[in-house]
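> Just a sequence and a predicted model for now, questions to come.
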Amino acid sequence: MLQLLRHARVYSPEPLGVRDVLVAGGRVAWIGQAADLPAALGATTRDLEGRRLVPGFVDSHVHLTGGGGEAGYGTSVPPLPIERFSRGGVTTVVGLLGTDDAVRTPASVVAAAYALRTHGLSAWCWTGGYHLPPATITGTIRGDIALVEPVIGVGEVALSDHRSSQPTFEELVRLASEAHVGGLMTGKAGMVHLHLGDGGRGLELVRRALAETELPAGVWQPTHVNRRKALFDEAADLARNGVPVDVTAFPVAEDEDAWSAAEAVRRWLDGGLPAGRLTVSSDAGGCLPVFDADGRVAAMDVGSPGALAATLRDLLASGVPLERALPCFTSTPASLLRLPAKGRIAVDADADLAVLDDAGAVTDVMARGVWHVKDAVAVVSDPFSR
């Protein structure tokens, strides 16, 4: 089916001005001005009337099977329905396991990724989880990356957190070498996606790996680094040496020793840090617990896919130009994760598109050439949604 989107202000994420965009076979077939297609082609036309058209968001940290469980079985978060992602402008996700990598398994995350693909979104996943030795499908991280198509790396491996397996330096670099070689064998990302907790050791083991091993800096990707201001500064220093960094769009109280995702992005851009090494993810479906002094859950929230769109709106409201803010939600994660058809509006790229209103809110979403959201209403839903 041919679809012509007329009069869109296209951000690819670079601003292209007002353009028409032709979608065919789930991909962008043409971008130009004043397209007049023969009626015999049967193209449907939609006039965007000058609204902004951006790439669909790429969310690299999603609990596709649900997260949580730190306060007992009754606190395990159920999987999120597909429309929660699409309404938030998210068209590509990477699923993972967190604290619970015993009851939930990498195989179940792969199955959830395939289910999202069936319903029209694009999905990949990390193997493993918080703990070492890692939970796998084939028996090794390298084997999972090499033999299981959706698996692109390992994560979220926990560091500096009381819930981690307290990995040694040797265990962590052995894990990274498995991921790196698996990536080399397949052309996949081959990264180690690292959960960072509140512990004072921070990124010490990654600093050691950069100094003492031959592993490239791009193998490591610490996330949640905005949870402490000092941790964010430590991650920024590592980024100057080639390490890609991910911040999480979780709620931050005004007096908390943390940066919101929007504030972290602003500081990154204003500080002249490498723009191509910063991404924003949502932790969607994951438990966001608050622990007491004994390490017990005192309160909890759940990560939302809509947090990415909310962060983008915050950035725009504070005066950050759309073309500066967009890459960390779109082209940068797509590039780091080696997903060349994602994160950009370009000829031959997948037709993953989001329409923004004047305030930057997501109103319409197309995934692989199919409208999932129109006028802020989900038109494609999970078959089990109520």
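Here it is on my side, so go on.
> contacting residues for the residue nearest to residue 79 when sequence neighbours are not counted?
Nearest in space to residue 79, with sequence neighbours left out and distances taken as CB to CB, 6 or more residues apart in numbering, is residue 66 at 5.0 Å. Where you see a C-beta, it was placed from the backbone N, CA and C, and this is true even at glycine. By CB atoms under 8 Å, 6 or more residues apart in numbering, the contact set of residue 66 is 76-80, 104, 285.
> Pick out the most distant pair among those.
The most widely separated members of the contacts of residue 66, counting by CB to CB, are 80 and 104 (14.2 Å).
> and residue 304, what is it in contact with?
Counting by CB under 8 Å, 6+ apart, residue 304 touches 84, 88, 282, 284.
> returning to that earlier point: filter the contacts of residue 66 to the buried ones?
76-77, 79-80, 104, 285 (16 or more other CB atoms under 10 Å).
> ok, back up a step: most neighbours out of the contacts of residue 304, which is it?
residue 282 (30 neighbours; other CB atoms under 10 Å).
> I'd like the distance from the residue nearest to residue 383 when sequence neighbours are not counted to residue 368, if you could.
Nearest non-adjacent residue to residue 383, counting by CB to CB, 6+ apart: residue 119, 8.0 Å away. Here residue 119 is placed at a distance of 11 Å from residue 368 (CB to CB, to the nearest Å).
> quick one on the thing from earlier: from the buried ones among the contacts of residue 66, which single one is nearest residue 114?
residue 79 (13.1 Å).
> wait, is that closest one part of a helix?
No: under DSSP: H, G, I helix; E, B strand; the rest coil, residue 79 falls outside any helix and is assigned coil.
> Would you check that it makes contact with residue 111?
No: using CB atoms under 8 Å, residue 79 is not in contact with residue 111, being 10.6 Å away.
> show me the contacts for the residue nearest to residue 383.
82, 380, 382-383.
> Taking these, please make a ChimeraX selection of just the buried ones.
Per 16+ other CB under 10 Å, the buried members of the contacts of residue 119 correspond to this ChimeraX selection:
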select :82,380,382
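> the helices in this structure, which residues?
82-87, 106-118, 141-147, 169-186, 204-212, 229-239, 261-270, 307-317, 322-325, 331-336 (DSSP state H).
> what comes into contact with the third one?
This points to helix 141-147. 106, 127-128, 134, 136-138, 151-154, 175, 178-179, 181-183, 185-186, 188, 190.
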